[in-house]
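*Asks:* Quick one: sequence and predicted model below, then my questions.
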Amino acid sequence: EVQLVESGGGLVQAGGSLRLSCATSGFTFDRYVIGWFRQAPGKEREGVSCINREGSTYYGDSVKGRFTISTDNAENTAFLQMNSLKPDDTGRYFCTVHNGPCYDLMHRFFGSWGQGTQVTVSS
């Protein structure tokens, strides 16, 4: 059974940074793509980032240059480093894994996801 546990969210001022972690189990980590999407009240779900099996990374336009996705394959853990945070980044962030391409994870929200972690950016 795929299990994903997100952590690292919190309240931060605009311009600050947070690092999200996603501890995973129940599947072969390096055979899946892994990424993040976010959901905020009143807003559409948005694909944030994804990293594929070859290590290629993808980002949503709104976070390019500010967020960095990475993985620790030895620990089956994914990370999302978020810098220069803006109030518009506020939302619940969900770690997602998928056995298909990153495009499907980010734009069709295919895959399995965890309970999410809340990120709140104050102005």
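*Replies:* Arrived safely.

*Asks:* C-alpha only now, for contacts and for neighbours.
*Replies:* Fine.

*Asks:* The nearest residue to residue 79 once chain neighbours are set aside: which element?
*Replies:* Leaving out its chain neighbours, the residue that sits closest to residue 79 by Cα to Cα, 6 or more residues apart in numbering is residue 21, at 4.5 Å. For residue 21, the enclosing helix or strand under DSSP states H and E is strand 18-25.

*Asks:* helix or strand right after that strand?
*Replies:* strand 33-39.

*Asks:* Tell me how far that following strand lies from the chain's centre.
*Replies:* Mean-position distance between strand 33-39 and its chain equals 4 Å (Cα atoms, centre = their mean, to the nearest Å).

*Asks:* Show me the contact partners of it.
*Replies:* Applying Cα atoms under 8 Å, 6 or more residues apart in numbering, the external contacts of strand 33-39 come out as 45-53, 69, 78, 80, 91-102, 105-106, 109.

*Asks:* Outside of the helix or strand that comes right after that strand itself, which residues are in contact with it?
*Replies:* Note on strand 33-39: by DSSP H and E, the next helix or strand toward the C-terminus is strand 46-51. If you take Cα under 8 Å, 6+ apart as the criterion, strand 46-51 is touched by 33-39, 57-60, 63, 69-70, 102, 105-107, 109.

*Asks:* who does the next helix or strand along the chain from strand 46-51 pair up with?
*Replies:* Downstream of strand 46-51, the first helix or strand assigned by DSSP H and E is strand 57-59. With DSSP bridges as the test, strand 57-59 is paired with strand 46-51 (antiparallel).

*Asks:* pLDDT averaged over the partner strand - what is it?
*Replies:* Mean pLDDT, strand 46-51: 97.

*Asks:* Ok, stretch 86-99 next?
*Replies:* Mean per-residue pLDDT for stretch 86-99: 96.

*Asks:* Point out where the protein drops to low pLDDT.
*Replies:* Along the chain, no part satisfies pLDDT under 70.

*Asks:* Could you list the buried residues of stretch 72-83?
*Replies:* 77-80, 82-83 (16 or more other Cα atoms under 10 Å).

*Asks:* Can you tell me which of these end up in strands?
*Replies:* Among the buried residues of stretch 72-83, DSSP state E puts 77-80, 82 in strands.
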